[in-house]
Each structure stands twice: as C-alpha cells, then as structure tokens.
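**Q** show me the folded form of this:
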Amino acid sequence: MKRINKRQLMKVLDRHEAWLRDEPGGERANLSGYLLHRRDFTRRNLSHVQFLASDLSGSDFTKATLCQASFYRATLKKVHFQGADLTQADLAEVDARGSSFDFARLEDTNFAKALFNANTHFYKAIEQGTNYSGATLQVEGKSRAVQSVGQNLNRQASQRTLHTELLYEIGKSKAPSGVREKAPFAPHSPPLEVSIEIPDHWDEATTNHYLEGLAIQLNTWHREEGGKGLKIDALGIEQETEVNQPLALV
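**A** Next up is the predicted model:
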C-alpha cells in the first residue's frame with residue numbers, strides 16, 4: 001500500500017477543500033490504495049474524495065462531510081463516523097467491523113456487501129434509501145458465530161430493525177452475565193430479511209436458547225451444499241415476542 005505522512009496528507013486535504021470551493025490551486029483528492037491508520041479527518045469537507053481499497057483503520061471522521069465519497073473495498077475497522085454526512089457515499093464491500101455510525105447521515109448510502117459485526121454501531125443514524133443488499137453481519141459468541149446475511153435491506157416503515165448483537169441480544173435475559181455485559185446497544189443496524197446460519201455443533205436446545213424471544217415467520221430450514229450448518233431463511237423477525245412453537249433442527 002502507498003504511504004503518505006501527516007504533512008503531505010494535510011496538503012492534499014487542503015487542496016481538495018479548495019477544489020470544492022472552486023478556488024485556484026484546488027485539486028480533487030485521490031487517496032485510493034493508501035495506508036492511513038489512525039488519521040484525523042474530523043470536521044473536514046471530504047465530499048467526492050476517493051479512498052478506494054485504502055486502509056483507514058482507527059481513523060476519525062467525526063462530523064466530516066463525505067457526500068458522494070468513495071470507500072469502495074476500503075478497510076474501515078474501528079473507524080469513527082459519528083455525526084458524519086455520508087449522503088450518497090459508496091461503502092460497498094467495506095470491512096466496517098467495530099466502526100461507529102452513530103448519528104451519521106446515511107441517506108442513499110451504499111453498504112452493499114459490506115461487513116459489520118456486533119461492535120458496529122448505527123445508533124440514531126439517519127437512514128433513508130440506504131442500501132444494505134448482501135451486507136454481512138458477523139456476531140461471534142461463546143459458540144463461535146452466527147452469521148446474518150442481509151438481502152434487500154432498504155428500510156421499510158413496517159419493519160423493525162435487527163440489533164447487530166444478534167447472538168447476545170436474543171434471549172439476553174437467560175444469557176450468562178458475561179455475555180449480557182459485552183452486548184453493546186445498537187438499535188439501528190441492518191434491518192430484516194436475513195439468513196441465519198446455525199453451526200452444526202449447536203443442538204436444538206442451544207439454538208432455541210439464542211432464538212428465544214423472536215417470532216420468525218415464513219421460515220424454512222435447509223442445509224446448503226458446502227455449508228457448515230443449517231440456515232433459516234426468515235422474513236419478518238420481531239423482537240420481544242414469543243415464538244409460536246419451538247424451533248427444531250431438521
């Protein structure tokens with residue numbers, strides 16, 4: 001990956017903001033393919049910047065303006081986007097595990113095939129026309145992982161959102177205290193229409209333990225060729241309701 005020092009980066013960003021203002025000497029920034037760990041982009045106007053396939057892990061974009069910026073295939077682990085404006089930004093296929101989008105504006109933002117985990121937060125994010133198609137939610141717990149793959153995840157008023165901490169939040173009242181303490185509160189995460197993979201080594205009691213408290217409608221169990229466990233294709237998952245009948249592995 002390409003490298004750039006702090007002074008050079010500041011010059012690139014200053015010229016970009018001059019370009020946005022249509023000032024002499026301005027130049028659109030292309031920071032694609034750069035290693036940019038733990039950089040400070042707070043409150044900068046970085047609309048239309050290109051960060052394609054860059055590694056921005058640990059960087060801070062708090063309250064930055066990132067309209068129509070491109071982060072395609074970028075590594076965004078533990079990046080701060082709190083209060084940032086990501087309107088029409090492209091975050092397709094990014095690795096956003098551990099990142100925070102709290103209070104961010106995500107109107108028409110593209111998260112297609114993005115990767116999230118239980119520590120990816122969307123608390124009070126403004127979402128309208130946000131695309132989560134094919135996004136993956138990895139939630140690791142004591143029994144390794146449950147993976148939720150979102151399809152056609154544009155929000156609808158009739159849908160409730162599925163918490164990112166799926167494994168921890170479901171049946172939290174019966175989960176071990178250590179699990180309850182680790183579960184972050186992130187109510188605004190990718191919404192419904194999900195496929196939940198249950199690892200082979202989970203028995204029926206374990207499965208029902210973690211799925212207790214959900215109403216799963218139109219669900220089917222199946223084993224995919226080459227898969228490591230069973231999957232439920234579910235539409236209409238609502239929290240804090242009783243299951244109509246126990247879920248049985250088949």
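
**Q** tell me which stretches of this structure form helices.
**A** With helices called from DSSP state H, the chain shows them at 6-20, 166-169, 177-182, 204-211.

**Q** now the first one: buried residues?
**A** Of the residues in helix 6-20, those buried by neighbour count under the rule 16 or more other CB atoms under 10 Å are 9, 12-13, 15-17, 20. C-beta: built from backbone N, CA, C; applies to glycine.

**Q** sorry, back to before: lowest average pLDDT across the helices of the chain?
**A** Lowest mean pLDDT within the helices of the chain: helix 166-169, a mean of 35.

**Q** which helix or strand in the protein has the lowest average pLDDT?
**A** Ranking every helix and strand in the chain by mean pLDDT, DSSP states H and E puts strand 144-150 at the bottom, with a mean of 31.

**Q** below-threshold pLDDT in this protein: ranges please.
**A** Low-confidence segments of the chain (pLDDT under 70): 118, 137-250.

**Q** farthest pair within the buried residues of helix 6-20?
**A** Leu9 and Leu20 (16.7 Å; CB to CB).

**Q** circling back to that earlier point, just send the buried residues of helix 6-20 back as CSV, with distance to Ala112 too.
**A** Formatted as CSV, the buried residues of helix 6-20 follow (distance: CB to CB, whole Å):
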residue, distance to Ala112
Leu9, 28
Val12, 28
Leu13, 27
Arg15, 31
His16, 26
Glu17, 29
Leu20, 26
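
**Q** which one of the residues you listed is nearest to Ala64?
**A** Nearest member of those to Ala64, counting by CB to CB, is Leu13, at 10.3 Å.

**Q** these two touch, right, the closest one and Asn30?
**A** No. Counting by CB atoms under 8 Å, Leu13 does not reach Asn30; the two are 12.0 Å apart.

**Q** run through the bridge partners of Leu35.
**A** Taking DSSP bridges as the rule, Leu35 bridges to Asp55.

**Q** for it, what are its contacts?
**A** 1-3, 54-55 (CB atoms under 8 Å, 6 or more residues apart in numbering).

**Q** quick one: which of those residues is most hemmed in?
**A** Each of these was scored for neighbours by other CB atoms under 10 Å, and Ser54 scores highest at 23 neighbours.

**Q** right, and that one touches Tyr72 too?
**A** No. Using CB under 8 Å, Ser54 is not in contact with Tyr72; the gap is 9.7 Å.

**Q** quick check: neighbours shared by these two?
**A** By CB under 8 Å, 6+ apart, no residue touches both Ser54 and Tyr72.

**Q** which parts of the protein are strands?
**A** Assigned by DSSP state E, the strands in the chain fall at 105-107, 115-117, 126-128, 136-141, 144-150, 194-199, 214-223, 229-239.

**Q** what's the distance between Leu35 and Asp55?
**A** 5 Å (CB to CB, to the nearest Å).

**Q** ugh, wrong one, Leu106
**A** 22 Å.
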